[in-house]
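Participant: Structure, please.
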Amino acid sequence: MSLPRRLFFYGTLTHEHRNALTDTLLPRLGGRPRRGWVRGALFLRRDRQGGYPVLMPGAGCVRGWVYGGLRPIPRAVLAAFDAWEHCDPRRPGRGEYRRTVLVVHTRGGPLRAAAYLPNRRAVLGLRAVPGGDFAAHAAARGLAVLAE
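Facilitator: Coordinates of the predicted model:
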């Protein structure tokens, strides 16, 4: 499996939220983050550690950021993101999430970027995020966001 050159993040792994991965790994992806959106529906899931978004199939727009660019994402960086997302790329159907390539629409045109999508179709306790922008939704409502 070839390494992706870009990652699309739509939730707690963007520079809009501070946690161990955003502080240490986002700078290692290279380039400047670019605003983008993908087709889908965004939902909020809450647990004891905070809220986080879940991207599901749908007809709406989910807003986020594209990171990376010219070079493949370093293996160690990708492995850290995979671990955070409970993703096993060798057995994609077994983890909580799978890494898949999506078309991301940006001002500069569409690009292909890897993103993390849930393996289960419907997860109990999800609430729709109006407008498909997790950071704006969390800020407007003062939500505690998953940080570890």
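Participant: got the CA positions of the lengthiest helix in the chain in CSV?
Facilitator: For the chain, the helix with the greatest residue count under DSSP state H is helix 75-84. This file holds the C-alpha atoms of helix 75-84, laid out as CSV (Å, rounded to 0.1, in the frame of the first residue of the first chain):
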residue,chain,number,x,y,z
ARG,A,75,5.4,6.2,8.0
ALA,A,76,5.9,7.1,11.7
VAL,A,77,3.5,10.1,11.5
LEU,A,78,0.9,8.0,9.7
ALA,A,79,1.2,5.2,12.2
ALA,A,80,0.6,7.7,15.1
PHE,A,81,-2.6,9.0,13.4
ASP,A,82,-3.7,5.4,12.7
ALA,A,83,-3.2,4.5,16.4
TRP,A,84,-5.2,7.6,17.5
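Participant: For the remainder of this discussion, apply numbering that starts at 15.
Facilitator: Sure thing, new numbering starts at 15, so read that last one as helix 89-98.
Participant: Show me what counts as buried in it.
Facilitator: For helix 89-98, a neighbour-count test (16 or more other Cβ atoms under 10 Å) marks V91, L92, A94, F95, D96, W98 as buried. Using the backbone N, CA and C atoms, a C-beta is placed for each residue, glycine as well.
Participant: so how far is the worst-scoring helix or strand of the chain on mean pLDDT off the chain centroid?
Facilitator: Least confident helix or strand of the chain, by mean pLDDT, DSSP states H and E, is helix 34-38 with a mean of 84. A distance of 14 Å separates the centroid of the chain from that of helix 34-38, by Cα atoms, centre = their mean, to the nearest Å.
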